[in-house]
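In: missing the sequence, but the structure's below:
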């Protein structure tokens with residue numbers, strides 16, 4: 001067999017076997033590797049290269065070595081599930097870097113982090129002043145988690161005592177000018193509805209790069225031509241404004257009514273509509 005063909009077969013076989021091993025090891029090897037897994041990954045790559053180019057050694061020996069090294073992360077992962085001590089040894093522990101707005105210099109030295117590196121990590125978490133940080137910790141994977149002090153955290157509806165309805169995942173109903181029937185059916189609409197919405201906005205289907213429908217049934221469009229600005233849907237806002245106007249009109253009618261029975265009727269309807277508006281406000285003002 002020609003040497004080039006032998007190398008080709010060995011290389012393809014090594015790549016396919018590596019792919020199989022990575023599936024066995026799991027996705028964590030790709031998304032969040034530990035130091036141990038990093039070392040094993042480098043070694044596996046070296047062995048795979050050796051399998052492809054070493055013409056003298058038996059190829060099965062190389063595959064055996066690959067298998068043994070690949071099974072180490074699987075075994076260690078299983079042991080980590082059983083023992084916290086092993087987790088601490090393999091992954092390490094989190095290290096507190098800032099507490100109550102004060103940098104813990106000894107912990108910085110322990111993790112060999114400079115002040116500039118710490119400030120960079122804080123800026124990446126939108127924390128530009130150390131005094132604004134309540135707590136910062138270096139995770140075992142090397143990332144820095146930051147908790148801002150209460151007065152420096154962004155306001156949320158919960159802080160204001162407001163109830164907000166849960167938001168469902170928007171559905172992409174148009175991609176590259178093609179209607180996606182399955183997402184459209186998932187939110188309870190059809191092609192006729194979609195074409196009507198496109199006509200309302202004066203947009204042709206073939207000009208749409210991406211179309212999304214939120215859980216309020218509003219269609220948002222992104223066109224191929226970035227110079228064309230498509231107005232944001234106003235259906236929900238207009239409906240909410242109409243309800244508020246009707247409530248105000250009923251209250252005004254109640255104030256201007258001369259007949260007591262008519263006055264009471266308007267007041268009652270205004271009160272009912274007010275309750276309706278209060279119930280739908282979290283849905284229509286988010």
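Out: That came in fine, so what should we check first? Please read these numbers as outputs of a predicted model, since none were measured by experiment.
In: Return the per-residue confidence for residue 1.
Out: Residue 1 carries a pLDDT score of 62 in this model.
In: let me redo that: residue 134
Out: 93.
In: and it, that's in a strand?
Out: Yes. Going by DSSP: H, G, I helix; E, B strand; the rest coil, the assignment for residue 134 places it inside a strand.
In: Report the contact partners of it.
Out: Counting by C-beta atoms under 8 Å, 6 or more residues apart in numbering, residue 134 touches 100-101, 147-150. In short, each C-beta sits where N, CA and C put it, glycine included.
In: Residue 211 is in contact with residue 221, isn't it?
Out: Yes. Checked against C-beta atoms under 8 Å, the pair residue 211 and residue 221 is within contact range at 5.2 Å.
In: who touches both of those two?
Out: Residues touching both residue 211 and residue 221 by C-beta under 8 Å, 6+ apart: residue 174.
In: Would you state the helices of this structure in chain order?
Out: For the chain, the helices defined by DSSP state H occupy 3-25, 28-31, 35-53, 59-82, 84-91, 105-111, 115-124, 181-186, 191-201, 235-256, 260-284.
In: coming back round to it: so residue 211 and residue 221 - more neighbours on which side?
Out: Of the pair residue 211 and residue 221, residue 211 is the one with more neighbours under other C-beta atoms under 10 Å, namely 26 against 20.
In: hmm, back to that, let me have the helices of the chain in CSV, extended by distance to residue 226.
Out: Below are these laid out as CSV (distance: least, C-beta to C-beta, whole Å):
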stretch, distance to residue 226
helix 3-25, 39
helix 28-31, 33
helix 35-53, 41
helix 59-82, 45
helix 84-91, 45
helix 105-111, 44
helix 115-124, 29
helix 181-186, 24
helix 191-201, 16
helix 235-256, 24
helix 260-284, 30
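In: Mean neighbour count and distance to residue 143 for those - can I get that in JSON lines?
Out: Formatted as JSON lines, the helices of the chain follow (neighbours: other C-beta atoms under 10 Å; distance: least, C-beta to C-beta, whole Å):
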{"stretch": "helix 3-25", "mean neighbour count": "14", "distance to residue 143": "21"}
{"stretch": "helix 28-31", "mean neighbour count": "13", "distance to residue 143": "12"}
{"stretch": "helix 35-53", "mean neighbour count": "16", "distance to residue 143": "14"}
{"stretch": "helix 59-82", "mean neighbour count": "15", "distance to residue 143": "19"}
{"stretch": "helix 84-91", "mean neighbour count": "14", "distance to residue 143": "13"}
{"stretch": "helix 105-111", "mean neighbour count": "12", "distance to residue 143": "12"}
{"stretch": "helix 115-124", "mean neighbour count": "14", "distance to residue 143": "8"}
{"stretch": "helix 181-186", "mean neighbour count": "14", "distance to residue 143": "34"}
{"stretch": "helix 191-201", "mean neighbour count": "14", "distance to residue 143": "42"}
{"stretch": "helix 235-256", "mean neighbour count": "14", "distance to residue 143": "38"}
{"stretch": "helix 260-284", "mean neighbour count": "14", "distance to residue 143": "34"}
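In: ok, of these, where does mean pLDDT dip lowest?
Out: Among the helices of the chain, helix 28-31 scores lowest, at a mean of 49.
In: Look at stretch 47-61 and report the distance between its end residues.
Out: Chord length of stretch 47-61, first to last residue, is 10 Å (C-alpha to C-alpha, to the nearest Å).
In: And the contacts of it?
Out: Contacts for stretch 47-61 (C-beta under 8 Å, 6+ apart): 3, 6-7, 10-11, 13-15, 17-18, 62-63, 65-66, 69.
In: Cheers, nothing more for now.
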